[in-house]
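Novice: show me how the following folds:
(one chain, ligands or ions: 1)
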Amino acid sequence: MWKKVRVFILLLVLGYVAIKAWKDLNQNWDQTIVVLLHPINADGSHNTENYIQQLNAQSFAEASEYLTASAKNYHKNTSFIFKIGREIKTLPPELPEHGSILSAILWSLKFRYYAWKETQSTDGYATVTLYLNYYDSNKYKVLKHSTALERGRIGVVNLFADIRQDQQNQVVMAHELLHAFGATDKYDLSTGQPIYPQGYVNPNQQPRLPQHQAELMAGYIPITETKSKIPLNLQQTVIGNLTAHEIGWSQ
Ligand SMILES: [Zn+2]
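Specialist: Below is the predicted model of the structure:
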């Protein structure tokens, strides 16, 4: 009898995990997407704290308009709501520098545990939760790379605590957000250059270079074969066909 009960409970748990994983891999784009953003004062400075305090619903309006309009281009009537959640005092686990597969797996488990532990019932429903590590731009010139997990729909995004960087921050955040829905990078990991053709907004343009916009998941605007530049805002980026396909916006 007890053995049967235990097996039954185990099956329930496995069923729940399987359904959750399936749902995470197959987003229903007819639903409103709620993105919960938890700011984190990653360098513990006053400047960063002041920056976090002035964040408001308008701070991410561009990203929400951009994503809603991009979805519409692929015939999806999805609205995106960005909610600024509680400031979190604990930093997410640090990404391994030279990632072996094992260290990447361990990190993703640690990060999912962190996300679970930091969630409070008052946070409300979220489709995706992003932890925004803010750094003072006077002290940090380069930030470590950000990452997001499709399973669990969580991400850690490193950003500058500087209003002059707000528009670029939204580019970085939107890029990571799409990773959480299964989009892959479209730049060469060794050189940082967008990959042809999937990383180009207009692969058929003549001459091919320079391009004038960045594919969001390529991250950069290709200028020459070896040079590319950072888009200044979301208007300089486009969600390309392959990315749209990966996240389920097109067949
Ligand atoms: Zn990426």
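Novice: the residue nearest to Gln235 when sequence neighbours are not counted: what secondary structure?
Specialist: Leaving aside its chain neighbours, Gln235 sits nearest to Tyr66 (7.8 Å; criterion: Cβ to Cβ, 6 or more residues apart in numbering). Using the backbone N, CA and C atoms, a C-beta is placed for each residue, glycine as well. Recorded secondary structure, Tyr66: helix (DSSP: H, G, I helix; E, B strand; the rest coil).
Novice: what ranges do the helices span in the protein?
Specialist: Taking DSSP state H, the helices of the chain run over residues 2-25, 46-54, 61-73, 101-118, 166-179, 241-247.
Novice: starting at the chain centroid, how far to the shortest one?
Specialist: When distances are taken as Cα atoms, centre = their mean, to the nearest Å, helix 241-247 is centred 15 Å away from the chain's centroid.
Novice: using PDB, write out every CA atom in that helix.
Specialist: The C-alpha trace of helix 241-247 is given here as PDB (Å, rounded to 0.1, in the frame of the first residue of the first chain):
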ATOM      1  CA  ASN A 241      13.800  35.300 -39.000                       C
ATOM      2  CA  LEU A 242      15.900  32.600 -37.400                       C
ATOM      3  CA  THR A 243      15.500  34.100 -33.900                       C
ATOM      4  CA  ALA A 244      11.800  34.500 -34.400                       C
ATOM      5  CA  HIS A 245      11.700  30.800 -35.400                       C
ATOM      6  CA  GLU A 246      13.700  29.700 -32.300                       C
ATOM      7  CA  ILE A 247      11.400  31.500 -29.900                       C
END
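Novice: buried sites along it?
Specialist: 242-244, 246-247 (16 or more other Cβ atoms under 10 Å).
Novice: pLDDT for those - can I get that in JSON lines?
Specialist: Formatted as JSON lines, these follow (pLDDT from 0 to 100):
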{"residue": "Leu242", "pLDDT": "97"}
{"residue": "Thr243", "pLDDT": "98"}
{"residue": "Ala244", "pLDDT": "97"}
{"residue": "Glu246", "pLDDT": "96"}
{"residue": "Ile247", "pLDDT": "96"}
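Novice: report the two of those separated the most.
Specialist: Leu242 and Ile247 (10.0 Å; Cβ to Cβ).
Novice: how much space between Trp116 and Ile9?
Specialist: 20 Å (Cβ to Cβ, to the nearest Å).
Novice: with Gly152 instead?
Specialist: 23 Å.
Novice: out of these two, which sits in the more crowded spot?
Specialist: Gly152 (18 against 10; other Cβ atoms under 10 Å).
Novice: tell me the spacing between the residue nearest to Ser59 when sequence neighbours are not counted and Gly182.
Specialist: Distances taken as Cβ to Cβ, 6+ apart put Asp166 closest to Ser59, at 6.6 Å, once the chain neighbours are dropped. To Gly182, Asp166 is 27 Å away according to Cβ to Cβ.
Novice: hmm, back to that, what about the residue nearest to Gln235, neighbour count?
Specialist: Tyr66 has 21 nearby residues by other Cβ under 10 Å.
Novice: again with Tyr51
Specialist: Tyr51 has 24 nearby residues by other Cβ under 10 Å.
Novice: go on, Phe8?
Specialist: 10.
Novice: ok, Gly199 next?
Specialist: 25.
Novice: phi, psi for it please.
Specialist: phi -90, psi 10 (degrees, to the nearest 10).
Novice: give me the nearest residue to it, chain neighbours excluded.
Specialist: Computed as Cβ to Cβ, 6+ apart, the closest residue to Gly199 that is not its neighbour in sequence is Ala218, at 3.3 Å.
Novice: tell me the contacts of the one you found?
Specialist: Counting by Cβ atoms under 8 Å, 6 or more residues apart in numbering, Ala218 makes contact with 185-187, 194-195, 198-200, 240.
Novice: on that earlier part again, doesn't Pro231 make contact with the residue nearest to Gln235?
Specialist: No. Using Cβ atoms under 8 Å, Tyr66 is not in contact with Pro231; the gap is 11.6 Å.
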